[in-house]
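1. below is the sequence, then the predicted model.
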Amino acid sequence: MQKLNLPEQTFRFKKEEDKTYIFDDFRKKFVVLTPEEWVRQNFLMYLTNELDFPKSLISVEAGLKLYQRIKRTDIVVYDKQGSPVLIVECKAPEIKIDEKVFDQIVRYNMALQVNYLIVTNGLNHYCCQLDYEKNTYNFLKTIPNYKFILT
């Protein structure tokens, strides 16, 4: 798999019927290793190992209802009361992060109303803090740790 702009992590892999699988420690199962899944797994480890996000408060590929349709968010982080506080949208490294990708995560946020959005393709990461009172947003230079996003 491609080297990403994230700290290197250790993963469990297996091969079956010409497919490679990676163990998802959050979903507690092996999943097909696609370029997007590689980004998702690395970003999950980055959040927990580097930024102190509690593993127990992270949901992977959670379903949400949007316009009478079920959508799946890549990563949702919750506070200790169970309210969503951050959404992460992961794309394969070859996917350019553009307005279309941001539109997707903003649509998901219509249902969740979090204060932080992150979009990553493993090479480029964009973190946005939303201010609902002022109806504005601010791109952050770095991705904040878990304690910061709770303030």
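-> Arrived safely.
2. centroid-nearest residue for the protein?
-> residue 88 (2.8 Å; Cα atoms, centre = their mean).
3. quick check: that residue is in a helix.
-> No. According to DSSP: H, G, I helix; E, B strand; the rest coil, residue 88 belongs to no helix; its state is strand.
4. which pLDDT value does the model give it?
-> What the model reports for residue 88 is a pLDDT of 96.
5. check the one 5 residues further on too.
-> Here the pLDDT value assigned to residue 93 is 97.
6. adjust the sequence numbering to begin at 634 for everything that follows.
-> In the new numbering, first residue 634, that becomes residue 726.
7. that one and residue 757 touch, don't they?
-> No. In this structure, residue 726 is not within contact of residue 757 by Cβ atoms under 8 Å, at 9.1 Å. In short, each C-beta sits where N, CA and C put it, glycine included.
8. which one's more surrounded, those two?
-> With neighbours defined as other Cβ atoms under 10 Å, residue 726 and residue 757 compare such that residue 726 has more, 18 against 12.
9. quick check: the residue nearest to the centre of the chain vs residue 668, distance?
-> Residue 721 sits 16 Å away from residue 668, taking Cβ to Cβ, to the nearest Å as the criterion.
10. so what touches the helix or strand harbouring residue 654?
-> Residue 654 is part of strand 652-657 when elements are defined by DSSP states H and E. Residues outside strand 652-657 that contact it (Cβ atoms under 8 Å, 6 or more residues apart in numbering): 644-648, 662-666, 670-671, 674, 693.
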